[in-house]
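[1] Below is the sequence, then the predicted model.
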Amino acid sequence: MQLRTTKERKQRTKLCSQRVCVPLLVAHYFLLSWYRRIRELRRVSQTVASGVLVSYVYHENENGTFREVRNKRRNLHIFVKKGYIDDARYTFIFTISGRWPSTKEFFHSIGTHEETSILPVSSNVITVTRSSTKLCSDLCHHGRTCDKYKASFGAFVFLNDGVRGPFTSVALNTNLALGSWLYQFLRLATDPRVSVVGSAVSCEISWHVQTYFIVIKRALVDDLFKMWLRSCSEQDWSRMVRDFEVGPSQTFLERGFAIASPSSGRVNIFTGTIPQTSCRNPSTVHVGLEKGLILKYGGEVFRKHFIHSQTMADVANWTMLNFPYLYTE
């Protein structure tokens, strides 16, 4: 009888432990998630309070085809309508190199009535015109334009005219303290373990964040500018890609930082956790617009029709829904 009682007591103790531990573990998980969330929100809000600089490089080539030029202009127009944030904590710098159309030509070419200005007219918008006979990369223009501001902002966003988006259904101006549509990038960029954040991570050549859209915190931007300013004298395209697009990510990885993208299956990628997978250009893979938020939609992948057909269809549908006055592809 005593043995049975002892056995039953042990079973009851085990059962009670399970009944107590499981709820405690669940509570611990939610409390930990809540704590991390609060810490993340605080990091982003503090960074935004320090200022966010958004640098957009636009270049029209005199020899560009009508299709390519029109696409660049639509990309710029859509970014102005969806990506521009009318708030003093955000500063937008548009660097114009090459040809710049009149407002009449610009709006006629994209299929809408003429507006008073191509770019926003506001105190938080700066326009820089760079006239040079020497063709420079957008990375060089970012470095030359923004280097003097490297100590003045908490975070930096770099993009060019080969980008379409952000793919928001409405302008997200209700939570500007947390980065608006930039939040999912800023929450990663402000993580002390992370160096550069982008819309897409590529494994071509070596693992890197694609530089058509990149976000970085103030603590690391000086290192990035030093690399990008060296690109101004580089004319070999293959070395340009290897040293100044792939190179920064590799440098930060070697220093122990992660690279990151909200659209990646693995949010943070460290040197020791590089995924072993077949390598494909991210533009050739279909990524949902809400997940990617801002996508490569210009340059070589656009000219040579490398962009995934479903992505092209999604972008066309979204563009017609949000900008019905624009010409379709």
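    Yep, that arrived.

[2] Past the lowest-mean-pLDDT helix or strand in the chain, which element shows up next along the chain?
    With mean pLDDT, DSSP states H and E as the measure, the helix or strand of the chain carrying the lowest mean pLDDT is strand 268-269 (a mean of 65). Remark: after strand 268-269, the chain's next helix or strand is helix 289-292, criterion DSSP states H and E.

[3] buried stuff in that next one?
    289, 292 (16 or more other CB atoms under 10 Å). C-beta here means a position set from N, CA and C on the backbone, and glycine is covered the same way.

[4] Packing partners of that helix?
    Using 3 or more CB pairs under 8 Å, 6 or more residues apart in numbering; DSSP states H and E as the contact definition, the elements that helix 289-292 packs against are helix 309-322.

[5] other SSEs contacting the helix it packs on?
    For helix 309-322, the contact count by 3+ CB pairs under 8 Å, 6+ apart identifies helix 66-82, helix 289-292 as packing neighbours.

[6] Touching it from outside, list them.
    Outside helix 309-322, the residues within contact range by CB atoms under 8 Å, 6 or more residues apart in numbering are 74, 78, 82, 164, 167, 169, 283, 286-289, 295, 297, 326, 328-329.

[7] Can you classify Leu53 as helix, strand or coil?
    Following DSSP: H, G, I helix; E, B strand; the rest coil, we place Leu53 in the strand state.

[8] same deal with Val157?
    Under three-state DSSP, Val157 falls in the strand class.

[9] quick one: stretch 121-141 to chain centroid distance?
    Averaged C-alpha coordinates place stretch 121-141 at 19 Å from its chain's average position (CA atoms, centre = their mean, to the nearest Å).

[10] Stretch 51-61 now?
    13 Å.

[11] what does stretch 115-123 give?
    Its chain's C-alpha centre lies 24 Å from the corresponding centre of stretch 115-123 when counted by CA atoms, centre = their mean.

[12] just stretch 219-226 next, same as before
    17 Å.

[13] Other residues contacting it?
    Outside of stretch 219-226, the residues within contact range by CB under 8 Å, 6+ apart are 143, 146-147, 150, 156, 195-196, 216, 248, 251-252, 257.

[14] tell me which residues of that stretch are tucked away?
    By neighbour count on 16+ other CB under 10 Å, the buried set for stretch 219-226 is 220-221, 224-225.

[15] likewise stretch 142-154?
    Using 16+ other CB under 10 Å as the test for burial, stretch 142-154 gives 142-146, 149, 153-154.

[16] Provide a list of residues in contact with Phe167.
    With contacts taken as CB under 8 Å, 6+ apart, Phe167 has the following neighbours: 82, 289-290, 292-295, 318.

[17] Tabulate these in TSV, adding columns for pLDDT and distance to His108.
    TSV is the format used below for the contacts of Phe167 (pLDDT from 0 to 100; distance: CB to CB, whole Å):
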residue	pLDDT	distance to His108
Lys82	92	21
Leu289	82	27
Glu290	75	32
Gly292	76	30
Leu293	85	29
Ile294	91	26
Leu295	91	26
Trp318	91	23
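
[18] Max pairwise distance over the contacts of helix 309-322: which two?
    Farthest apart among the contacts of helix 309-322 by CB to CB are Ser169 and Ser283. That separation is 23.2 Å.

[19] Those two - which one has more neighbours?
    Ser283 (21 against 11; other CB atoms under 10 Å).

[20] Can you verify my assumption that that one contacts Lys296?
    Yes: taking CB atoms under 8 Å as the contact criterion, Ser283 and Lys296 are neighbours in contact, 5.0 Å apart.
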